[in-house]
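Student: sequence unknown, structure follows:
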Ligand code: NAD
């Protein structure tokens, strides 16, 4: 008998009226049933968040901090349980935390704890923004009210935490809708978090996009945090326009990594590899197009091939596995189609490139060379275990290539000449440009995209401020 997982609303378990299956992408096994929230249930979740919000915002700041520290302790205590659910449902291997470990589900669970502790420890005190003999102006940070958090399937717990914790820290309450592909792990985490918070502070609904659409259209929602594809981001923006609901949009990217002629292929290969293949490439800020100077192209391709062909792939619950399956069939089909188009157009498949047998969505790590701008594998976000490597001669041309697409989430420059690398970094159109690393996010460092990769930032003080609206109290001093 399959278990049906519950939503959490107002501190209570909400049983499903309808449900759908969630499957393990490594085995095809049905893991359990996920509620498809009804319109009434979505409205109830928003109403519960609205009812709880004034009292949550009115608590002394130190109390909200203490609650979030309790959340961090809960995440710590339940890290193994949550990591196993992530692997079962999302597919990334369990891996470990720390240098030399595969960054998998345990890393994701650990990240949830850290991205809870850090915002919990930050302060946003009132700020005197102007004062003279006649007036004193103090800027206060007020919560929006109810935040709708809509999460994707690639880092289902970590991205939800990025949306939930800064919202709660600043006095908002939250309704989370996880991805329909990774609902069980997300609902389980939200249930555990809600169990140490006052009722109604964190609530969940679940189901496909139409449930998300009911949530963002609800006039009781005061701010939308969305992470996902550009197409959905555009739909959400249109829905938000109806009530002028503010949004933070973290959308797709197609990050370019540029390797300068002086880089050392051996020294950079491992970091570049993980920069491209973290979570099987299913990471918003993975390196998705690699531009390599012709002088070291062949040497770097050889280093990357050695790594790609040595990584054990399989069911991530088994020890020693470094690479899991692609999370869902739609994504798998997209990867297959991009590789086949590249092959048909004459590109070289250096390794991989053939779908693997088996019940899971396994596709080998694939490197593609003899490919250029304009190929679908270069121009579209592949979001999977395939990396196109483009040979360049002229650095200005490589920079122009990196900037020619309408997305700008991350980018990276690889060189031993740090001055030149910084000069190149400043010419790249991306929310973050890393030097000699890629995708190295940190809870104190703002992260967000430019161009069609979205607007607004998460993390650090700027991320916290983004969950508040400014209120100025302006005093005329007695003469
Ligand atoms: P998606 O847009 O298909 O789905 C994301 C979420 O939106 C899901 O929960 C889905 O159910 C919901 N949704 C779908 N239609 C909706 C609607 N009309 N109204 C409200 N909600 C709706 O994205 P995905 O496939 O889950 O995620 C992959 C994409 O996310 C990639 O493009 C990736 O680059 C991007 N991403 C970006 C970041 C970032 O920080 N910029 C992080 C991770 C993923």
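Tutor: Structure received. Keep in mind the model is a prediction, meaning the values are calculated, not measured. Residues are numbered from 1 along each chain as shown.
Student: within range of the ligand, give me the residues from this protein.
Tutor: Residues of the chain lying near the ligand by C-beta under 6 Å from any ligand atom: 150-154, 159, 177, 179-180, 208-209, 212-213, 216, 227-229, 232, 235-236, 250-253, 284, 381, 383, 409, 449, 454. Where you see a C-beta, it was placed from the backbone N, CA and C, and this is true even at glycine.
Student: got the buried residues for the strand or helix carrying residue 340?
Tutor: Applying DSSP states H and E as the criterion places residue 340 in helix 329-344. Neighbour counts over helix 329-344 (16 or more other C-beta atoms under 10 Å) mark 331-332, 334-336, 338-339, 342 as buried.
Student: again with stretch 423-443
Tutor: For stretch 423-443, by 16+ other C-beta under 10 Å, it's 424-425, 428-434, 436, 438-441, 443.
Student: quick one: which two of the residues you listed are the most distant?
Tutor: 424 and 443 (26.8 Å; C-beta to C-beta).
Student: any low-confidence regions in this structure?
Tutor: Within the chain, no stretch has pLDDT under 70.
Student: my read is residue 472 is in a helix, agree?
Tutor: No - under DSSP: H, G, I helix; E, B strand; the rest coil, residue 472 sits outside any helix and is assigned strand.
Student: ok, the residue lying closest to residue 95 once chain neighbours are set aside - how many residues close by?
Tutor: In this structure, residue 95 finds its nearest non-sequential neighbour in residue 104, 2.7 Å apart by C-beta to C-beta, 6 or more residues apart in numbering. Neighbours of residue 104 under the rule other C-beta atoms under 10 Å: 26.
Student: quick one: contacts for residue 104?
Tutor: 83, 87, 92-96, 279, 316, 324 (C-beta atoms under 8 Å, 6 or more residues apart in numbering).
Student: now those as JSON lines including neighbour count, distance to residue 370 and secondary structure?
Tutor: Output for the contacts of residue 104, formatted as JSON lines (neighbours: other C-beta atoms under 10 Å; distance: C-beta to C-beta, whole Å; DSSP: H, G, I helix; E, B strand; the rest coil):
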{"residue": "83", "neighbour count": "28", "distance to residue 370": "40", "secondary structure": "helix"}
{"residue": "87", "neighbour count": "27", "distance to residue 370": "36", "secondary structure": "helix"}
{"residue": "92", "neighbour count": "31", "distance to residue 370": "31", "secondary structure": "coil"}
{"residue": "93", "neighbour count": "31", "distance to residue 370": "31", "secondary structure": "coil"}
{"residue": "94", "neighbour count": "23", "distance to residue 370": "37", "secondary structure": "coil"}
{"residue": "95", "neighbour count": "19", "distance to residue 370": "33", "secondary structure": "coil"}
{"residue": "96", "neighbour count": "16", "distance to residue 370": "36", "secondary structure": "coil"}
{"residue": "279", "neighbour count": "27", "distance to residue 370": "27", "secondary structure": "helix"}
{"residue": "316", "neighbour count": "28", "distance to residue 370": "32", "secondary structure": "coil"}
{"residue": "324", "neighbour count": "30", "distance to residue 370": "29", "secondary structure": "coil"}
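Student: first-to-last residue distance for stretch 290-301?
Tutor: 10 Å (C-alpha to C-alpha, to the nearest Å).
Student: which of the contacts of residue 104 lies closest to the ligand?
Tutor: residue 279 (9.7 Å; C-beta to the nearest ligand atom).
Student: now the closest residue in space to the closest one that isn't next to it in sequence: how far from residue 307?
Tutor: Closest residue to residue 279 apart from its sequence neighbours, by C-beta to C-beta, 6+ apart: residue 92 at 5.3 Å. From residue 92 across to residue 307, the span is 18 Å (C-beta to C-beta, to the nearest Å).
Student: residue 248 is in contact with residue 449, correct?
Tutor: No - using C-beta atoms under 8 Å, residue 449 is not in contact with residue 248; the gap is 10.6 Å.
Student: hey, what's in contact with both of these two?
Tutor: In contact with both residue 449 and residue 248: residue 455, using C-beta under 8 Å, 6+ apart.
Student: now do the contacts for the residue in the stretch 1-150 of the chain positioned nearest to the ligand.
Tutor: For the stretch 1-150 of the chain, the residue closest to the ligand is residue 150, as judged by C-beta to the nearest ligand atom, at 4.7 Å. Applying C-beta under 8 Å, 6+ apart, we find residue 150 in contact with 177, 212, 215-216, 224-228, 236.
Student: picking that back up, how far does the helix holding residue 340 sit from its chain's centre?
Tutor: Centroid separation for helix 329-344 versus its chain: 23 Å, with C-alpha atoms, centre = their mean, to the nearest Å.
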